[in-house]
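1. missing the sequence, but the structure's below:
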Ligand code: HH2
């Protein structure tokens, strides 16, 4: 399996790790850590050294406590210099921009990003599909409901008896819409949106039934890193201390078909996923 993006192809016959760079003052687990472009550069150097296969750069938080939407100018000011620096420092590492705004995607793709990670799956900006199609970007379509300030709350966490079925159906709709707008299938990755309009039981159901998403044929990315459901299960309050729980969830997702893993703590998931993967290869022989 392969994932095409604007500047090449990512081979998904092994688990791939996407390192998170939040250039935001208010992200739920790492907000405010990066005060300058040089801070971001140092973090990216570390994530790549620890084994990240791609880097996801975001300038707008969707934090569970209800995020404050960021203006276009402010988001561009945060994100674009970091994309430019990362492109110069790591010319061979695919860069993703985590945004719901077509204009931010356009500028980031122009500055050297090759993937657009849209947590609204193209719901919030009608201009997004054409920008992605124009650049031949790889796209991550993540399941969510509501707008930037409500999507990580429980305001829209209402499902029928089959939560995973509802999420899969909404993602099929998003993928078909993207294809209808000119995005080729080999550029699309689907993400169940762990913690987005999902209580703990919803996130767990979606992860438990991840196979049903993986069998659609699009690569699956999961973003479980440090999230609330892990804190609830482990009773670890500080998000940065949820690394072990994150690893457990990622291994469970790998076994159920996920191939891309968006994480803050690259080294831990790199080791765990590589070992779990080696075991899974023997099982297949
Ligand atoms: N989760 C977050 C942000 N972007 N993108 C994808 N594709 N999947 C996810 O699960 C996902 C995402 C939220 O996490 P984080 O970036 O750490 O926090 P914040 O939104 O507060 O910046």
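-> Okay, I see it. Computed from a predicted structure; not experimentally measured.
2. the residue lying closest to residue 127 once chain neighbours are set aside and residue 252, how far apart?
-> In space, residue 127 comes closest to residue 102 once its chain neighbours are excluded; the distance is 3.4 Å by C-beta to C-beta, 6 or more residues apart in numbering. Every C-beta, even on glycine, is put in place using the N, C-alpha and C of the backbone. From residue 102 across to residue 252, the span is 34 Å (C-beta to C-beta, to the nearest Å).
3. higher neighbour count, the two?
-> Between residue 102 and residue 252, counting by other C-beta atoms under 10 Å, residue 102 is the more crowded of the two (21 against 17).
4. surely that one and residue 133 touch.
-> No: using C-beta atoms under 8 Å, residue 102 is not in contact with residue 133, being 11.2 Å away.
5. mind listing what the residue in the stretch 101-250 of the chain that the ligand sits nearest to touches?
-> Using C-beta to the nearest ligand atom, residue 223 is the residue of the stretch 101-250 of the chain that sits closest to the ligand, at 2.1 Å. Counting by C-beta atoms under 8 Å, 6 or more residues apart in numbering, residue 223 makes contact with 142, 191, 193, 194, 195, 262.
6. among these, find me the one that's closest to residue 122.
-> residue 142 (10.1 Å; C-beta to C-beta).
7. so that closest one bridges to which residues?
-> residue 191 (DSSP bridges).
8. neighbours of it, how many?
-> 27.
9. roughly how far apart are it and residue 98?
-> Residue 142 is 10 Å from residue 98, by C-beta to C-beta.
10. overlap in contacts, these two.
-> 117, 119.
11. up against the ligand, what does the stretch 1-150 of the chain have?
-> By the rule C-beta under 6 Å from any ligand atom, the part of the stretch 1-150 of the chain lying against the ligand is 20, 22, 24, 27-29, 58, 61-63, 98, 117, 119, 140, 142.
12. could I get the full set of helices for the stretch 101-250 of the chain?
-> 102-110, 128-135, 163-180, 200-208, 211-214, 228-234, 243-255 (DSSP state H, counting those that start in this stretch).
13. which of those helices is buried the deepest?
-> helix 102-110 (a mean of 23; mean count of other C-beta atoms under 10 Å).
14. pLDDT averaged over it - what is it?
-> Averaged over helix 102-110, pLDDT sits at 98.
15. next one: stretch 202-221
-> According to the model, stretch 202-221 has a mean pLDDT of 98.
16. cool, stretch 38-49 as well?
-> Mean predicted lDDT for stretch 38-49 stands at 97.
17. what does it contact?
-> 19-21, 23, 33-34, 55, 57, 82, 85-86, 89-90, 93, 266.
18. out of the residues you listed, who's nearest the ligand?
-> Distances from the ligand to the contacts of stretch 38-49, taken by C-beta to the nearest ligand atom, are shortest for residue 20, at 5.5 Å.
19. the closest one and residue 28, how far apart?
-> Taking C-beta to C-beta, one finds residue 20 at 11 Å from residue 28.
20. then residue 71?
-> 21 Å.
21. among these two, which residue is more densely surrounded?
-> residue 28 (19 against 10).
22. shouldn't that one be within a strand?
-> No: counting by DSSP: H, G, I helix; E, B strand; the rest coil, residue 28 is located in no strand; its state is coil.
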